[in-house]
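Peer 1: here's my sequence, what's the structure:
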Amino acid sequence: MLDISSGEFRFVARLEEEAAGATVTAFRRLLPLESRIIHARWSGEACWIPFGDLDVGFGPENATCYPAPGQILFYPGGVSETEILFPYGATSFASKAGALAGNHFATVLEGVDQLPDLGRKALWEGAQAILFTET
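Peer 2: Okay, the predicted model is just below:
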């Protein structure tokens, strides 16, 4: 399981090892991951963590353009920069270059009801500290 915390918000997510094994393996190499999450510009109701040109060593698997709230995506780069997308509402994953498909590698199971509050906080107050750890 994955523990995710950002300020007063706490989430528990399941890693999707069967559907996105290479992505989960690469993500685990980043743990514990302490970063800042910002509101998405082109994807709708989502936040993201940009990684620039980080080479994560995996390609598309279990990829989607339309994640549901709590379906966390890891985009390995290519058309746009490497990033994690954290959807909290209606989302169509995109960049300034157009539509993207990210690997659905984790699903929020606990705290889903708090996702919109985190999204609004990032939208109106700016970047928020976030921490991912595995339990």
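Peer 1: chain center to the lengthiest helix in the chain: distance?
Peer 2: Scanning the chain for the helix with the most residues, using DSSP state H, yields helix 115-125. Its chain's average C-alpha position is 14 Å from that of helix 115-125, according to CA atoms, centre = their mean, to the nearest Å.
Peer 1: and if you look at stretch 18-26?
Peer 2: Its chain's C-alpha centre lies 14 Å from the corresponding centre of stretch 18-26 when counted by CA atoms, centre = their mean.
Peer 1: partners of whichever helix or strand Arg10 is part of in the sheet?
Peer 2: Counting by DSSP states H and E, the element that carries Arg10 is strand 9-15. Sheet partners assigned to strand 9-15 using DSSP bridges are listed as strand 2-6 (antiparallel), strand 102-110 (antiparallel).
Peer 1: related to what we said a few turns ago, report the angle between the longest helix of the chain and strand 102-110.
Peer 2: Here the directions of helix 115-125 and strand 102-110 differ by 110 degrees (axes from the mean of the first three to the mean of the last three CA atoms, to 10 degrees).
Peer 1: give me the contacts around helix 115-125.
Peer 2: 6-7, 9, 11, 37-39, 45-47, 69-70, 86-89, 108, 128 (CB atoms under 8 Å, 6 or more residues apart in numbering). Every residue, glycine included, has its C-beta placed from N, CA and C.
Peer 1: picking that back up, out of the strands paired with strand 9-15, which is the most enclosed?
Peer 2: Greatest average neighbour count among those goes to strand 102-110 (a mean of 22), per mean count of other CB atoms under 10 Å.
Peer 1: let me see the mean pLDDT of that one.
Peer 2: Predicted confidence along strand 102-110 averages 98 (mean pLDDT).
Peer 1: kindly report the same for stretch 49-58.
Peer 2: In this model, stretch 49-58 has an average pLDDT of 96.
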